[in-house]
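Chemist: Give me the fold of what follows.
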Amino acid sequence: MKNYIPQKASSIEELIKDCPKNQVILDNLIRAWAIINSPKYKKILCSISGGSDSDIMLDIVWRCDKDNKVDYVWFDTGLEYQATKDHLEYLERKYDIKFIRKKAIKPIPIACKEHGKPFISKNVSEFIQRLQRHNFQWEDESFDVLIKKYPKCQSALEWWCNTKGENSQFNIKNKKWLKEFMIKNPPVFKISNKCCTYAKKKVANKILKENKYDLNIIGVRKSEGGARATAYKNCFDDTDGDYDNYRPIFWYRDQDKIDYENTYGIIHSNCYTEYGLKRTGCVGCPYGRNFEDELEVVKQYEPKLYKAVCNIFKDSYEYTRQYKEFIENMKG
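Modeler: I've put the predicted structure just below:
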């Protein structure tokens, strides 16, 4: 990869002059230029994570921001790789910027202790939390029977009873044999998705409103899947609220990322280049499909963090392992 020194563009022609022969990148650069430089937006906030998607988004936004309207924020969840923190310092030097560093309203360890631990996914954790709040007994009954026993728990019961149509993500049957597993192995610890809420979501909403930003930029890609990606239909939301939302790399697939990285000399953190991780985020997050592999990496490279996550997420790890073993046994 060539040693590429980034340059802010003063015009759309300058911005696209080095663009690779990739229509997705070209289209999205033109769109980014138009949105970021629109007179509609006076104050723009861009959320940076230090991950590989975020690196590309930062490069795009910085190049397009000819009038320096964009502020960059990083949310410290309380469970961050040292390699990510080091990478943020590198990015500040590379682009001559300074990140706004915002601590969690409740760091992940505290949120997990107070509200519950994450399990499988945000959606699953949310519905289980609602059921637990109503002292649900993990019963294999029809919705009509259960709604009489738990009248204020309709949406979670609909999830539990698979009432939302054949392919809805709001049915428990989307997670293979999870209902059968939970009937036989009810959770003995609190489950919740609130760690994300208090570490990032509420913090982001607070800084956006208090500082009167009119555009919010985040690094979500449709091809990633998951709750965040499937929540959006497009790269841009023109809202009636205090600010609009823009996702510059929403349409990027993996090959588009590679083309951009090779053309513009994007260097990722040691989490990718040395540790060999495929994703970064909150260290050891139980939502990760391959959290066991990640734990081995953390144990090797950041042993203090390893001890912390094993303590914080212990119940969730053990319950997930039980669930995976249950699936294997059901397969016969």
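Chemist: who does the lengthiest strand in the chain pair up with?
Modeler: The strand that spans the most residues within the chain, counting by DSSP state E, is strand 70-76. The strands that strand 70-76 pairs with in its sheet are strand 44-47 (parallel), strand 100-103 (parallel) (by DSSP bridges).
Chemist: quick one, strands of the stretch 151-300 of the chain?
Modeler: Taking DSSP state E, counting those that start in this stretch to define them, one finds strands in the stretch 151-300 of the chain at 215-217, 236-237, 244-246.
Chemist: Tell me which residues touch residue 188, please.
Modeler: The contact partners of residue 188, by Cβ atoms under 8 Å, 6 or more residues apart in numbering, come to residue 315. All C-beta spots, glycine's among them, are computed from the backbone N, C-alpha and C.
Chemist: quick one: which of the strands of the stretch 151-300 of the chain is nearest residue 154?
Modeler: Go through these one by one with Cβ to Cβ and the one that ends up closest to residue 154 is strand 236-237, at 28.0 Å.
Chemist: neighbouring contacts of that closest one?
Modeler: Under the criterion Cβ under 8 Å, 6+ apart, external residues in contact with strand 236-237 comprise 31, 35, 244-247.
Chemist: Count the neighbours of residue 237 for me.
Modeler: Using other Cβ atoms under 10 Å, residue 237 has 14 other residues around it.
Chemist: returning to that earlier point: CA atoms only for the longest strand of the chain, dumped as CSV, please.
Modeler: What follows is strand 70-76, C-alpha atoms only, in CSV (Å, rounded to 0.1, in the frame of the first residue of the first chain):
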residue,chain,number,x,y,z
VAL,A,70,-17.5,18.6,11.1
ASP,A,71,-16.7,17.6,14.7
TYR,A,72,-15.6,14.1,15.5
VAL,A,73,-16.7,12.2,18.6
TRP,A,74,-15.5,8.9,20.1
PHE,A,75,-17.6,7.2,22.8
ASP,A,76,-15.6,5.5,25.6
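Chemist: how about the following helix or strand past that strand as CSV, C-alpha atoms only?
Modeler: Using DSSP states H and E, the helix or strand that follows strand 70-76 in sequence is helix 82-95. As requested, the backbone C-alpha atoms of helix 82-95 are provided in CSV (Å, rounded to 0.1, in the frame of the first residue of the first chain):
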residue,chain,number,x,y,z
GLN,A,82,-5.7,-0.1,24.1
ALA,A,83,-5.0,-0.7,20.4
THR,A,84,-8.1,1.3,19.5
LYS,A,85,-7.0,4.2,21.8
ASP,A,86,-3.6,4.2,20.2
HIS,A,87,-5.2,4.2,16.7
LEU,A,88,-7.3,7.2,17.6
GLU,A,89,-4.1,9.1,18.4
TYR,A,90,-2.7,8.1,15.1
LEU,A,91,-5.9,9.3,13.3
GLU,A,92,-5.7,12.7,15.1
ARG,A,93,-2.1,13.1,13.8
LYS,A,94,-2.9,12.0,10.3
TYR,A,95,-5.9,14.3,9.8
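Chemist: which strands and helices sit next to helix 82-95?
Modeler: In this structure, helix 82-95 makes packing contacts with helix 52-64, helix 270-273, judged by 3 or more Cβ pairs under 8 Å, 6 or more residues apart in numbering; DSSP states H and E.
Chemist: Tell me how far the longest strand of the chain lies from the chain's centre.
Modeler: For strand 70-76, the distance between its averaged C-alpha position and the chain's averaged C-alpha position is 15 Å (Cα atoms, centre = their mean, to the nearest Å).
Chemist: List the contacts of that strand.
Modeler: Contacts made with strand 70-76 from outside it, assessed by Cβ under 8 Å, 6+ apart, are listed as 36, 43-50, 58, 61-62, 88, 97-104, 199-200, 203-204, 207, 211, 213, 217.
Chemist: and the angle for it with helix 52-64?
Modeler: Relative orientation of strand 70-76 with respect to helix 52-64: 160 degrees, computed using axes from the mean of the first three to the mean of the last three Cα atoms, to 10 degrees.
Chemist: buried ones in strand 70-76?
Modeler: Residues 70-76 are the ones in strand 70-76 that count as buried (16 or more other Cβ atoms under 10 Å).
Chemist: So what angle separates the directions of that strand and helix 82-95?
Modeler: 170 degrees.
Chemist: number of nearby residues for residue 185?
Modeler: Other residues lying near residue 185 total 13 when counted by other Cβ under 10 Å.
Chemist: which residue sits closest to it, ignoring its sequence neighbours?
Modeler: Distance criterion Cβ to Cβ, 6 or more residues apart in numbering; nearest residue to residue 185, sequence neighbours excluded, is residue 322 at 6.0 Å.
Chemist: Minimum distance to residue 286: which of the helices and strands packed on helix 82-95 has it?
Modeler: Comparison of the helices and strands packed on helix 82-95 against residue 286 by Cβ to Cβ identifies helix 270-273 as nearest, at 18.1 Å.
Chemist: Using the record's domain definitions, break the protein down for me.
Modeler: What the record gives for the chain is the domain set 12-104+196-268, 120-186, from automatic domain parsing.
Chemist: Need the nearest residue in space to residue 88, chain neighbours excluded.
Modeler: Nearest non-adjacent residue to residue 88 (Cβ to Cβ, 6+ apart): residue 50, at 5.5 Å.
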